[in-house]
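> what follows is a predicted protein model with its sequence.
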Amino acid sequence: MNEPTRELQRSAEEEALHCVRCGLCLSVCPGYRESLRETDSPRARVALVRALREGLLEASTDGYSEAFFRCLLCGACTFVCPSGVAVDRILELSRGELASQGLLPEALSNLNDRIAQYRNISAEKNEGRLIWADNLPTLPTGLGKKRAEVAYFVGCVSSFFPRSYKVPQALVQIFDRADVDYALLGGTEWCCGYPMFIDGELDRARELIQHNVNAVQATGVKKVVMTCPSCFHFWKHSYPAALGVEKMEDLGLEIQHATEFLADLLETGDLKLRKVRENVTYHDPCDLGRKGGVIEAPRRVLAQIPGLRLIEMAENRDSSHCCGGGGNLESFVPEVSKSVARNRIHQAADVGAGTLVSACQQCERTLANAARAERLRIRVKDITELVLEALEE
Amino acid sequence: MTEWIQALEEAIGADKVLSSPIDLIAYSFDGTFEQHVPDAAVLPVTAEEVSAVVRIASQYDIPIVPRGMASGLAGGSIPTRGGIVLSLTRMNHILEIDEENMTATVEAGVVTANLQAEVEKLGLFYPPDPSSIKQSTIGGNVACNAGGPRCLKYGVTSNYVLGLTVVLADGRIVRTGGKAIKYVTGFNMNQFFVGSEGALGIITEVILRLICKPPYARTALVHFPTLHDAGESVHAVLTRGLVPAAMELLDETAIECIEEAMHLGLPLDVAALMVIESDGADKESVQREIDAIADICLQTGASRVDVARDEERRAELWRARRSISPSLARKAPNKLGEDITVPRSAIPEAIHRIKAISAHYGLPIVVFGHAGDGNLHPNILFDRRDSVQWEKVEHIVGEIFQVALDLGGTLSGEHGIGTFKLPYMRDALGPASINIQWRVKQAMDPQNILNPGKVLPEP
């Protein structure tokens, strides 16, 4: 219902004032639906902001800070709010205030310290960002390329977590089949800064943002492609303001999610896809769909695969249900994260999907784990993997 | 920790008892702008646990306020005297859908929309459809006798209650009614608890009557150049033997707010819109009915009738209708939504008088509601931080109620009394009725611990 970006930016207090407490957000909040405790609802968080202003409690009151971080940042509440309250903005501003008062939960402030020191989320040598390329049958052509048409910004998770290597591995193989002229950034790629932003420390992310834009521009590319929806959403919708421009195009850069790039490539290029007889459901990642505004592209990609039958889950597109992996919640309250994932994978089972496809390394991992834990016979894949399979003889 | 909170923890488990300042804020409000912080909130999962909580409340003489998802619009579930908020949201199981007898047995915390989705999978239908369908529970619907657009044809919540499980003020658990459709054994205890707003007992389980889902529905969006014409059309349609499923009225401000929220392409140059739905088992007769309704509306002043072309548009119109109340927040920081009813023929006059009140005080009053039922929701828009405006609001509320009473109507059609309408109860009911109701309350709850200070003015 509400646009992902809005012209009018109100303060947290003003936003909170427009909440009429109708409670509709409770019906879409994956965290609330799990705990059925009002405190975990978007409406309660808005009430807490008001209570703070009214002097009923203080930011240091036990549990206040936690309430704002016990959230998946899936944005469903903001999207559904008939009163037009930007709950996401309230969370962002509140988290910022809490961070500036030193009230960030320890796990999250440690994460941001790690990013500041190592330029990635996993405290590893940043030069190791391309280890995933070692196991490929042939080396990706984008490796070590200094100039290209497209830059592939891999993101920390797919660079450092072996489980997610398959995502960049699949995309570069597709790129190479289609003779895409692309560059991999390797050690010059730094964390995009999103974790700091969502934890309320946007200022700490500024150095990363500036560096990344410089690194990309040094390759002379016109387009930056991402497989990680969070990197994509942050680059596309928050980088411009941080850099003092209106949109990234003003810097000569088009920001695309891999699904957008692939949709164009498959619809216009010469790549031949084989039949995949399968009932597939597509899980919209929150940062890509509802928040990022990319909803049709992945479906256009799937439509190019002959034989594939796309079935939508009860909650899809703008109304998609979080995978449980959003908002750093996993490292903070893992049990909520797990149960949210469990609910989502059951939605896939309910419509008889044999395969669940997403377009996010995080969703793929949380939902695959949930399928296993629930003993459901559903394969979980990233969309790049599925396209690569369909390309093979 | 106070002794009684410790007793609660021992009785139902510490994980179901909340008393941190953050939790108490979360349980301090409902769907209005009022709030009051309780001393504890409890999340029981069985009637026995509810009973244990009530016994402790009785032992320590502490107020206990039952609630579902707290979407009420009359302050009914705000713990105005502190004490215990008892949330039934975790009692959210559909225990049985009996296809043969067409009944559903559900716990009080089942979300109404979820129940409807489940029964509709089986071709069954639970008609009551308050706008808060996704954020209200069956228990709350029964406790407030919720209505909704479809109640024009299908009746309100009370028409679907076959049986209840209720925890009484002394902790006893009583069952009323049953699956049998006819039940005249003793007083009608089902209806005794329906609409009692948690003041006579705490409803923990409900047996609901279901009907067959009408497979066909057509929905028309009817444009009116004046509110008066809309009132005339309602009268004309209903007196010619047609029974639409719903006849919903939206005035121009309501249309504006909805359009701003949802961008549906609604006309912004009309005085009123009506959403009229016809449904039934036979496709042709549904079509004939909506065509006949369209003709009558055009003859009685409507400037245009658009019948929704597909299910998607139809769903969109209903989502828009349900979003009116919260979307009003786009116009002003606060709204006070009333729920008056008048005899159907008095609708044009009621709207006329309400608009005059609005003009007199210079505050917008949006009018929408269930025109076919004579149930209007005048919503006053204001900023509560402005003391002049707030004072005007208090006068306006009194005058709106007076309009309803003068025209032979009453204070509430489906929201209930809560605390908001309490000051007007004596005028609405008269001393004898208040007196006997209060004696009933005393018999059921001698300590006055069940949702005290709600529904009935205390003597």
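Nice, thanks for sending it over. Numbering: from 1, shown residues only, chains lettered A, B, ... in the order given.
> use CA for all of it now, contacts and neighbours both
Fine.
> for the nearest residue to B:Asp39 once chain neighbours are set aside, the count of nearby residues, please.
Nearest residue to B:Asp39, sequence neighbours excluded (CA to CA, 6 or more residues apart in numbering or on different chains): B:Gly83, at 5.0 Å. Around B:Gly83 there are 20 other residues, counting by other CA atoms under 10 Å in any protein chain shown.
> show me what contacts B:Gly83?
Residues near B:Gly83 by CA atoms under 8 Å, 6 or more residues apart in numbering or on different chains: B:38-40, B:62-65.
> let's see 7 Å
Applying CA atoms under 7 Å, 6 or more residues apart in numbering or on different chains, one finds that B:Gly83 lies in contact with B:38-40, B:62-64.
> residues in the stretch 151-300 of chain B within reach of chain A, list them.
Proximity of the stretch 151-300 of chain B to chain A (CA under 7 Å from any CA of the partner chain) is limited to residues B:261-262.
> re earlier: who wins on neighbours among the contacts of B:Gly83?
B:Ile64 (31 neighbours).
> contacting residues for it?
Neighbours of B:Ile64 in contact, by CA under 7 Å, 6+ apart: B:57, B:83-86, B:449-451.
> surely A:Ile255 forms part of a helix?
No: counting by DSSP: H, G, I helix; E, B strand; the rest coil, A:Ile255 is not part of a helix but strand.
> can you name the residues bridging to it?
Bridge pairing for A:Ile255 (DSSP bridges) gives the partners A:Val224.
> measure it to B:Met444 for me?
For A:Ile255, the distance to B:Met444 equals 67 Å [CA to CA, to the nearest Å].
> repeat that for B:Val37.
Distance from B:Val37 to B:Met444, by CA to CA: 26 Å.
> tell me which of those two has more neighbours.
A count of neighbours by other CA under 10 Å puts B:Val37 above the other of B:Val37 and B:Met444, at 23 against 17.
> I'd guessed the more buried one sits against B:Leu24; true?
Yes: B:Val37 is within contact range of B:Leu24, at 5.8 Å (criterion: CA atoms under 7 Å).
> A:Leu104 contacts A:Leu98, doesn't it?
Yes: counting by CA under 7 Å, A:Leu98 is a contact partner of A:Leu104 at 6.1 Å.
> spatially nearest residue to the closest residue to chain B within chain A, not counting backbone neighbours?
Of all residues in chain A, the one sitting closest to chain B is A:Ser83 (4.3 Å; CA to the nearest CA). Excluding the flanking residues, the one nearest A:Ser83 by CA to CA, 6+ apart is B:Ser327, at 4.3 Å.
> give the contact list for the one you found.
Applying CA under 7 Å, 6+ apart, we find B:Ser327 in contact with A:82-83, B:257-258, B:261.
> also A:Glu92?
Contacts of A:Glu92 by CA under 7 Å, 6+ apart are A:198, A:200.
> just confirm B:Ala146 contacts B:Asn159, I think it does.
No: B:Ala146 is not in contact with B:Asn159 according to CA under 7 Å; the separation is 10.6 Å.
> who's more crowded, the two?
The residue with more neighbours, out of B:Ala146 and B:Asn159, is B:Ala146; 26 against 16, by other CA under 10 Å.
> domains in the chain, as residue ranges please.
Unless you meant another one, I'm taking chain A. Segmentation of chain A into domains, based on automatic domain parsing, reads A:12-103, A:117-263, A:272-391.
> nope, chain B
Taken from automatic domain parsing, chain B resolves into B:3-87, B:94-212, B:214-326.
> of all those domains, which lies closest to A:Glu260?
Among the domains of chain B, the nearest to A:Glu260 by CA to CA is domain B:214-326 (26.3 Å).
> gap between that closest one and the chain center?
Relative to its parent chain, domain B:214-326 has a centroid offset of 21 Å by CA atoms, centre = their mean, to the nearest Å.
> so can I have a markdown table of the domains of chain B showing distance to A:Ser41 and mean pLDDT?
Shown next, in a markdown table, are these (distance: least, CA to CA, whole Å; pLDDT from 0 to 100):
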| stretch | distance to A:Ser41 | mean pLDDT |
| --- | --- | --- |
| domain B:3-87 | 9 | 98 |
| domain B:94-212 | 12 | 97 |
| domain B:214-326 | 17 | 94 |
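> quick one: which of the ones you listed is nearest A:Ala12?
domain B:3-87 (17.7 Å).
> for the closest one, measure first residue to last.
Termini of domain B:3-87 sit 21 Å apart (CA to CA).
> now do stretch B:399-419
Start-to-end, stretch B:399-419 (CA to CA) is 17 Å.
> tell me which residues of that stretch come out buried.
Going by neighbour count (16 or more other CA atoms under 10 Å in any protein chain shown), the buried part of stretch B:399-419 is B:400-405, B:407, B:409-419.
> where's the helix or strand hosting the residue nearest to A:Ser83 relative to the chain centroid, distance-wise?
In this assignment (DSSP states H and E), B:Ser327 forms part of helix B:311-327. A distance of 17 Å separates the C-alpha centroid of helix B:311-327 from that of its chain, computed with CA atoms, centre = their mean.
> and for the residue lying closest to A:Ile174 once chain neighbours are set aside, the neighbour number?
The shortest distance from A:Ile174 to any non-neighbouring residue, by CA to CA, 6+ apart, is to A:Leu388 (6.2 Å). Neighbour count for A:Leu388, taken as other CA under 10 Å: 18.
> give me the buried stretch members for the helix or strand containing B:Ile22, please.
Under the criterion of DSSP H and E, B:Ile22 resides in helix B:21-26. Residues B:21-26 are the ones in helix B:21-26 that count as buried (16+ other CA under 10 Å).
> quick check: the gap between the residue nearest to B:Asp39 and chain A.
17 Å (CA to the nearest CA, to the nearest Å).
> quick check: that residue vs B:Arg90, distance?
Here B:Gly83 is placed at a distance of 20 Å from B:Arg90 (CA to CA).
> and B:Pro343, by the same measure?
39 Å.
> over to A:Arg365?
29 Å.
> and the strands in the stretch 351-459 of chain B?
B:365-370, B:375-382 (DSSP state E, counting those that start in this stretch).
> burial count for residue 316?
Looking at chain A here, since you left the chain open. Using other CA under 10 Å, A:Asn316 has 17 other residues around it.
> um, chain B though
So B:Glu316, with other CA under 10 Å, has 14 neighbours.
> so which of the contacts of B:Ile64 are in helices?
In helices, judged by DSSP state H, the following of those are found: B:Ala57.
> what segments of the stretch 101-250 of chain B are helices?
B:112-121, B:138-144, B:151-154, B:189-193, B:227-238 (DSSP state H, counting those that start in this stretch).
> most packed of the ones you listed?
Ranked by mean neighbour count, those are led by helix B:138-144 with a mean of 29 (mean count of other CA atoms under 10 Å in any protein chain shown).
> is any part of that helix close to chain A?
No: Helix B:138-144 is not in contact with chain A by CA under 7 Å from any CA; minimum separation 13.5 Å.
> tell me which other helices or strands that helix touches.
Where contact means 3 or more CA pairs under 7 Å, 6 or more residues apart in numbering or on different chains; DSSP states H and E, helix B:138-144 is not packed against any helix or strand.
> need the strands for the stretch 151-300 of chain B, in chain order.
Counting by DSSP E, counting those that start in this stretch, the strands of the stretch 151-300 of chain B are B:161-167, B:173-177, B:202-209, B:211-212, B:216-224, B:246-251, B:272-280.
> repeat for the stretch 151-300 of chain A
Counting by DSSP E, counting those that start in this stretch, the strands of the stretch 151-300 of chain A are A:182-184, A:223-226, A:254-257, A:278-283.
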